[in-house]
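1. The following block contains a protein sequence and its predicted model.
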Amino acid sequence: MKIRFVKNTYIRSRPDDLTVPPLGVVYAGAVLEVEDEGVRGTDLDGNALWYRDGKDWFYWSGGTEVIPEDTPVAPQAPGIPAELPDLKEPETSLPIPEPVTDEPAADRQTEPSRPVADLTYDERSMNWGIRTTGVLEHAWNARRLTGKGIKVALLDTGIDFPHADLEGVVKVMKNFDGSKEWNKVTDTDGNGTMCAGIIGASGKGRVYGVAPGVELYIGKINEYFYEFDYDHLIAGIQWASQIPADIIFTSVNIKASAMTGEQMANLQKLIDALAQLGIAFVAAAGNGVGESPEDRYPAAFEHVLSVGAYDQNGRRLPTSVKSKQLDLLAPGEKLLTTALHDRVDRFGGSTAAAAFTAGVVALAMDHVRSRGLRLTTPDLLDLIRKSALAPDPTTKCKDLEYGCGRLEVKGLLELLDRQGD
């Protein structure tokens with residue numbers, strides 16, 4: 001059945017122990033599919049009924065109302081910061097969009113205001129992963145890598161633009177979420193803006209992204225993070241391939257049940273074609289609290305770099321899903337980044353970790369091009385997996401929690417250096 005949230009409500013991993021920190025918040029107005037039978041949990045204001053969704057997440061019924069069957073559902077309000085369940089039933093067709101004509105979003109230089117070789121770590125303008133993974137020391141300082149000229153297509157909730165740290169970085173914006181106007185890309189959710197900053201914020205305002213020299217191509221494929229529309233995703237991917245982008249990033253992470261078998265097969269074929277074109281695809285592995293491994297898509301497809309999250313102590317975040325298709329973990333706890341209304345904020349989860357990884361892929365591509373290395377994109381992604389730091393070398397790339405290990409820039413760049421020997 002479907003429920004509508006009448007007030008902001010915590011997402012809980014269990015209904016009987018509220019001492020466990022919530023996974024996030026669902027905002028008033030959101031609509032969710034839950035099991036027909038409620039469960040008994042903690043009594044709040046005389047109400048002990050809780051609802052469970054398909055990801056085994058729980059919601060106190062006191063903040064909701066049941067929607068009668070066949071009732072039209074109004075537009076939904078966003079839910080942040082958690083990665084929320086997938087709501088919409090996708091269409092079955094595989095559209096082939098007409099060639100697109102895009103307008104430039106900005107035409108300024110994308111280089112940061114100070115040469116990256118001169119920068120030192122500053123927690124007020126850089127997320128902690130920039131220091132701990134070796135981005136600052138080994139990519140910026142030692143090799144002057146910024147991701148300059150690397151085109152990253154970000155398929156998400158749009159972008160809040162202009163933003164002091166994204167002006168000159170964002171090159172093209174296009175809408176795929178159903179609006180007929182190409183430039184209706186305003187981010188009302190915040191997810192797309194925060195991912196954009198982690199990947200490539202310029203540092204001209206208040207915050208640096210991992211690759212401050214990249215070019216961002218913004219494709220808005222959903223209004224709110226937890227929405228999913230198959231046709232919008234396909235159209236966004238095809239548009240990105242026409243640019244052509246060097247990297248495609250998306251935070252979309254859905255279960256196989258959200259697509260038909262034909263849709264799954266068509267999406268895999270499209271991703272296979274991207275790999276042949278030399279386009280890297282980076283996606284969030286997803287968030288959840290289940291003990292059993294689960295695959296989310298597109299991250300679980302072949303030729304996609306599937307990324308989970310670890311915290312500031314190097315431990316996997318408990319909410320980062322386990323998966324047999326998981327490639328690696330990246331920094332994903334309280335990362336400083338751009339936010340709505342020209343602000344900065346902190347962002348976490350596998351989405352943040354995947355955005356961080358997309359930035360590192362851009363730095364690596366910058367290194368490959370600047371040195372004239374003959375290296376295919378699939379080979380580059382294999383080196384990223386190979387250089388990851390596995391907590392247990394005997395289970396490297398077979399670990400359901402860590403995949404091939406934690407993202408490590410120093411080792412990656414050293415492997416790339418040896419490719420030219």
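-> The structure has been received and is ready for your questions.
2. And the helices in the stretch 1-150 of the chain, which stretches?
-> According to DSSP state H, counting those that start in this stretch, the stretch 1-150 of the chain carries its helices in the segments 128-132.
3. which stretches of it form strands?
-> With DSSP state E, counting those that start in this stretch as the criterion, the stretch 1-150 of the chain has strands at 2-5, 9-11, 24-26, 31-33, 39-44, 47-52, 58-60, 64-67.
4. Out of those strands, flag the one nearest Leu383.
-> strand 24-26 (34.0 Å; C-beta to C-beta). C-beta: built from backbone N, CA, C; applies to glycine.
5. thinking again about what came up before, nearest to Asp229 among the strands of the stretch 1-150 of the chain would be which one?
-> Per C-beta to C-beta, nearest to Asp229 of the strands of the stretch 1-150 of the chain: strand 31-33, 14.9 Å.
6. which strands and helices sit next to that closest one?
-> With contacts defined as 3 or more C-beta pairs under 8 Å, 6 or more residues apart in numbering; DSSP states H and E, strand 31-33 has these neighbours: strand 2-5.
7. partner strands of the strand it packs on, parallel or antiparallel?
-> strand 31-33 (antiparallel), strand 64-67 (antiparallel) (DSSP bridges).
8. contact partners of the last one?
-> In other words, strand 64-67. Contacts to strand 64-67, defined as C-beta atoms under 8 Å, 6 or more residues apart in numbering, come from residues 1-6, 9, 31, 51, 73.
9. so which of these comes closest to Leu373?
-> Nearest to Leu373 among the contacts of strand 64-67, with distances taken as C-beta to C-beta, is Val31, at 49.3 Å.
10. pLDDT score assigned to that closest one?
-> At Val31, the model reports a pLDDT of 84.
11. So what's the residue count around it?
-> Applying other C-beta atoms under 10 Å, we find 20 residues neighbouring Val31.
12. List the beta-bridge partners for it.
-> The partner list for Val31 in beta bridges (DSSP bridges) reads Arg4.
13. Stretch 161-178: which residues count as buried?
-> Neighbour-count burial for stretch 161-178, counted by 16 or more other C-beta atoms under 10 Å, picks out 161, 163-177.
14. Same question for stretch 298-306.
-> The neighbour-count check on stretch 298-306 (16+ other C-beta under 10 Å) flags 298-301, 303-306 as buried.
15. Reformat these as TSV; add secondary structure and pLDDT.
-> Shown next, in TSV, are these (DSSP: H, G, I helix; E, B strand; the rest coil; pLDDT from 0 to 100):
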residue	secondary structure	pLDDT
Pro298	coil	97
Ala299	coil	97
Ala300	coil	97
Phe301	coil	97
His303	coil	96
Val304	strand	98
Leu305	strand	98
Ser306	strand	98
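16. Which one of these is nearest to Gln268?
-> Among those, and counting by C-beta to C-beta, the member closest to Gln268 is Phe301, at 5.3 Å.
17. I figured that closest one hits Leu267, correct?
-> Yes - in this structure, Phe301 is within contact of Leu267 by C-beta atoms under 8 Å, at 7.0 Å.
18. now for the strands paired with strand 2-5, which one comes closest to Leu415?
-> Closest to Leu415 of the strands paired with strand 2-5, according to C-beta to C-beta: strand 31-33, at 44.3 Å.
19. tell me which residues of the helix or strand containing Trp239 are tucked away?
-> For Trp239, the enclosing helix or strand under DSSP states H and E is helix 230-242. Using 16+ other C-beta under 10 Å as the test for burial, helix 230-242 gives 230-241.
20. who wins for proximity to Leu154 among the strands paired with strand 2-5?
-> Nearest to Leu154 among the strands paired with strand 2-5 is strand 31-33 (25.9 Å), distances taken as C-beta to C-beta.
21. That closest one: how far from the chain's middle?
-> When C-alpha coordinates are averaged (C-alpha atoms, centre = their mean, to the nearest Å), strand 31-33 and its chain have centres 22 Å apart.
22. Repeat that for stretch 319-328.
-> The answer for stretch 319-328 is 14 Å, by C-alpha atoms, centre = their mean.
23. Put the alpha carbons of it into PDB.
-> What follows is stretch 319-328, C-alpha atoms only, in PDB (Å, rounded to 0.1, in the frame of the first residue of the first chain):
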ATOM      1  CA  THR A 319      24.500   1.900   5.800                       C
ATOM      2  CA  SER A 320      26.600   1.200   2.700                       C
ATOM      3  CA  VAL A 321      25.100  -1.900   1.200                       C
ATOM      4  CA  LYS A 322      27.000  -5.200   0.900                       C
ATOM      5  CA  SER A 323      27.100  -6.500  -2.700                       C
ATOM      6  CA  LYS A 324      28.800  -9.200  -4.700                       C
ATOM      7  CA  GLN A 325      29.300  -6.600  -7.500                       C
ATOM      8  CA  LEU A 326      30.900  -3.900  -5.200                       C
ATOM      9  CA  ASP A 327      34.100  -2.600  -6.600                       C
ATOM     10  CA  LEU A 328      35.500  -0.400  -3.800                       C
END
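24. What mean pLDDT does it get?
-> Averaging pLDDT along stretch 319-328 gives 96.
25. got the buried residues for it?
-> For stretch 319-328, a neighbour-count test (16+ other C-beta under 10 Å) marks 319-323, 325-328 as buried.
26. Name the next helix or strand downstream of the longest helix seen in the chain, please.
-> Longest helix in the chain, counting residues (DSSP state H): helix 350-371. Sequence order places helix 377-387 as the next helix or strand after helix 350-371, per DSSP H and E.
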